[in-house]
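Enquirer: just the structure for this:
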Amino acid sequence: MEETMRTVSRRAVRAFTLLEVLIVVTVIALLAGILIPSLTQDAERARDSRRAADLRSVSAALAYYKQDHGVYPSTGDAWWGDDPAYGGYGYDANGYIPGLVPDYLPFLPKDPNPSYPNGTGAGYMYRSDGQDYKFVILATPSTYFESNPFYDPVRPDSAWQVSSPGGYDW
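Expert: The predicted structure follows:
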């Protein structure tokens, strides 16, 4: 009977050795090192896809607005944006593109990264004199290159844009 008790108690106190724990921790760290950059890149691509969709939808809405009114929604010669550096306009009918909501868009787009707008000027902004317009996503996209269909010649390393021909160089 005493022999049986010793066997049971030895089994009950058996634990992992320090070497086994270190091996498991090392394997988990290696897997995290492989997966985290991949997941981060996927998240950046998804946000950039959303930004591209925002540019297309605003461009289409502006074309319909001009078709109905003969001019684009005007901001004079000022940039209006969702960031406080460009007025801190919202996403509703009084937002950074006047007149688009609710007839042409249900709401104005907001950057998919919740860090923006943040008071640094990064975010969505719009300018129009009525005859031409430029809609810019400033400092939030992940990639900038000349073959990008949304290349901004004025801000080649910091923005994507859609515009009418006359607003292209604003």
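
Enquirer: where does pLDDT dip in the chain?
Expert: When residues are selected by pLDDT under 70, those of the chain lie in 1-13, 35-40.

Enquirer: now the helices for it?
Expert: Assigned by DSSP state H, the helices in the chain fall at 2-12, 18-69.

Enquirer: nearest to Thr143, out of those?
Expert: Nearest to Thr143, of all the helices of the chain, is helix 18-69, at 6.7 Å by C-beta to C-beta. Glycine gets a C-beta too; all of them are placed from N, C-alpha and C.

Enquirer: just checking, what packs against the closest one?
Expert: Judged by 3 or more C-beta pairs under 8 Å, 6 or more residues apart in numbering; DSSP states H and E, helix 18-69 is in contact with strand 133-138, strand 159-163.

Enquirer: before we move on, the earlier item: and among the helices of the chain, the most buried is which?
Expert: Of all the helices of the chain, helix 18-69 carries the top mean neighbour count, a mean of 13, counting by mean count of other C-beta atoms under 10 Å.

Enquirer: what's the offset of it from the middle of its chain?
Expert: In terms of C-alpha atoms, centre = their mean, to the nearest Å, the centre of helix 18-69 is set 9 Å apart from its chain centre.
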